[in-house]
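S.K.: Next input, structure requested:
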Amino acid sequence: MTTLTLAKAINEGLRRSMEDNAKVLVMGEDVGKLGGVFRVTDGLQKDFGEDRVIDTPLAESGIIGTAIGLALRGYRPVCEIQFDGFVFPAADQIITQLAKMPLRSLGKIKLPVVVRIPFGGGIGAVEHHSESPEAYFTHTAGLRVVACSNPADAYTMIQDAVRGDDPVIFFEPKRRYWDKAEVDLGAPGLPLDRAKIVRPGADLTLLAYGPMVKTCLEAAAAAEEEGRDLEVVDLRSLNPLDLEVLTDSVRRTGRCVVAHEAPVFSGFGAELAARLTERCFYHLEAPVLRVGGFSTPYPPSRLEDYYLPDLDRVLDAVDRSFAY
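M.R.: Okay, here's the model as predicted:
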C-alpha cells in the first residue's frame, strides 16, 4: 500500500498507462514543462518526452480536434482541460464529433479519447474555474462520463478510461486533489461503470459523486450521533448509470437524498430522482430529495462557502426526508 494524494494517484495511473501502451499521449495547456496547474502531470514530460506529453496552445477546441485526429490514427490521447469552465470552447468538437463519430461509422471507427476535467469549487477561485458542467455531457449520447472521488479510485479509473475504446469525460474533484489515502498499486479496481457503497446503512441512501462523496460521508457520521444509519453511495459512473446498485440501495432504505455541487435546477440529480422514483415508487417512504448549488452563475470566492452544499444542507435534506 502506498499513501497518495488524489492528484498523485491520477499521475501514477497515467504513468502506468503510458508505460503499458506507447500509443498513449497526454496533451493540454501547460501539462508538460509545468506539469499542469494542479501538477497532476508533473514529471511525465521529463520521463516520456515532448512527443508524448504535449504542451498545446490555449485553444480547447484545437486540443480536442487534434485528439480526434490522433485517435483516428491509432493513438490514445488523454486531454487535460485546465479548468471546468474552459471546456465550452471544445463543446462543439466533443458533442458533434467525439460523441457521434463511432455510431456514425456503425462502430467501425473507435475514438479512445479521454478528456480530463478538474471540476467543482472549493479552491477560492471565480467563475470559469469552479463550475460543474457534468449534466451537459451526461445528456450527450455516445460519451462515457465518470467522476472519481478518492485516490484509490482515481488510480484505477484513469487507467480503465485510457484502456477502453469509448470517448470518456473524466471529471476530477479539484478541491479533493490534496486528500490522501492508501492506494494498492497492484489491485484491480471496480469496473469503470460500477457504483460503490462506501458506507453501508439502513435508514436512508445518500447518492453523490466527485467532491460531494466526502461531504456525504461526513454527514452520515454526524447523523449517526442522532441514531440515523445513512448509506452513502459513490456513483463513480454518471453515464452509464449503475442502476442495479442504486435501485437496490434505495429499495432497502426507502429514502434517498442526491447531492451534487451543480445547480439543482435541471441538474444531474433530476435524472437520478426520476429514475429512482420510477423504479422504487412502492418502496419509497418520501420523495427523492436533491441538494446542490443555487441557480446562479458561480459567485465570487468569498461567497462560495454559502453557495456550495455543505454538511448542514445535506443533513437538512435528511431531516426533511424523515419528516414525511
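
S.K.: quick one: buried residues of stretch 271-284?
M.R.: Within stretch 271-284, the residues scored as buried using 16 or more other CB atoms under 10 Å are Glu271, Leu272, Ala273, Arg275, Leu276, Arg279, Cys280, Leu284. No exception for glycine: its C-beta is placed from N, CA and C like everyone else's.

S.K.: next one: stretch 213-224
M.R.: Buried residues in stretch 213-224, counting neighbours by 16+ other CB under 10 Å, are found at Val213, Lys214, Thr215, Cys216, Leu217, Ala219, Ala220, Ala222, Ala223.

S.K.: still on that earlier bit, in TSV: the buried residues of stretch 271-284, plus secondary structure, pLDDT and distance to Pro200.
M.R.: Shown next, in TSV, are the buried residues of stretch 271-284 (DSSP: H, G, I helix; E, B strand; the rest coil; pLDDT from 0 to 100; distance: CB to CB, whole Å):
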residue	secondary structure	pLDDT	distance to Pro200
Glu271	helix	98	25
Leu272	helix	98	19
Ala273	helix	98	22
Arg275	helix	98	22
Leu276	helix	98	18
Arg279	helix	98	20
Cys280	helix	98	18
Leu284	coil	98	19
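
S.K.: what would those residues look like in CSV with distance to Ser301?
M.R.: Rendered in CSV, the data for the buried residues of stretch 271-284 read as follows (distance: CB to CB, whole Å):
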residue, distance to Ser301
Glu271, 30
Leu272, 29
Ala273, 30
Arg275, 35
Leu276, 34
Arg279, 40
Cys280, 39
Leu284, 38
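
S.K.: residue ranges of the helices in the protein, please?
M.R.: 6-20, 44-48, 60-72, 91-92, 101-104, 134-138, 151-163, 212-224, 243-253, 268-280, 304-307, 311-322 (DSSP state H).

S.K.: And the buried residues of stretch 271-284, which is closest to Glu12?
M.R.: Using CB to CB, Leu272 comes nearest to Glu12 of those, at 31.1 Å.

S.K.: give me every residue that touches the closest one.
M.R.: Residues counted as contacts of Leu272 (CB atoms under 8 Å, 6 or more residues apart in numbering) are Leu207, Leu241, Leu246, Val258, Val288.

S.K.: neighbour-wise, which of those leads?
M.R.: By neighbour count, taken as other CB atoms under 10 Å, the most surrounded of the contacts of Leu272 turns out to be Val258 (29 neighbours).

S.K.: Go ahead and confirm Leu111 touches Pro102.
M.R.: Yes: applying CB atoms under 8 Å, one finds Leu111 in contact with Pro102, separated by 5.8 Å.

S.K.: got any residues that touch both of those two?
M.R.: Asp166, Pro167.

S.K.: which of these two has more neighbours?
M.R.: Set Leu111 next to Pro102 and count neighbours by other CB under 10 Å: Leu111 wins out with 23 against 18.

S.K.: Okay, that one and Val87: tell me how far apart.
M.R.: Counting by CB to CB, to the nearest Å, the gap between Leu111 and Val87 amounts to 17 Å.

S.K.: now Ser301
M.R.: 20 Å.

S.K.: Comparing the two, which shows the higher neighbour count?
M.R.: The residue with more neighbours, out of Ser301 and Val87, is Val87; 23 against 16, by other CB under 10 Å.

S.K.: Which residue, neighbours along the chain excluded, lies closest to the more buried one?
M.R.: Ile81 (4.7 Å; CB to CB, 6 or more residues apart in numbering).

S.K.: The one you found and Val31 touch, don't they?
M.R.: No: with contact defined as CB under 8 Å, Ile81 and Val31 do not form a contacting pair (10.5 Å).

S.K.: re earlier: could you single out the most deeply buried of the helices of the chain?
M.R.: When you average the neighbours per residue for each of those (mean count of other CB atoms under 10 Å), helix 151-163 leads with a mean of 24.

S.K.: and it, how far out from the chain's middle?
M.R.: A distance of 11 Å separates the C-alpha centroid of helix 151-163 from that of its chain, computed with CA atoms, centre = their mean, to the nearest Å.

S.K.: The chain - how does it break down into domains?
M.R.: Here the chain is described, according to automatic domain parsing, as comprising the domains 2-183, 196-322.

S.K.: Which among those is found nearest to Leu190?
M.R.: For the domains of the chain, distance to Leu190 was read as CB to CB. The smallest value, 6.0 Å, belongs to domain 196-322.

S.K.: Next up, the contacts around Trp178.
M.R.: Thr5, Leu6, Ala7.

S.K.: Is it correct that the last one is in contact with Thr41?
M.R.: No: using CB under 8 Å as the test, Ala7 is too far from Thr41 to be in contact (9.5 Å).

S.K.: now, among the contacts of Leu272, which is nearest to Asp310?
M.R.: Using CB to CB, Val258 is the member of the contacts of Leu272 that lies nearest Asp310, at 15.4 Å.

S.K.: Quick check, that closest one in contact with Val288.
M.R.: Yes: between Val258 and Val288 there is a contact under CB under 8 Å: 6.5 Å.

S.K.: what do those two both touch?
M.R.: Applying CB under 8 Å, 6+ apart, one finds that Val258 and Val288 are jointly contacted by Leu272, Ala273.
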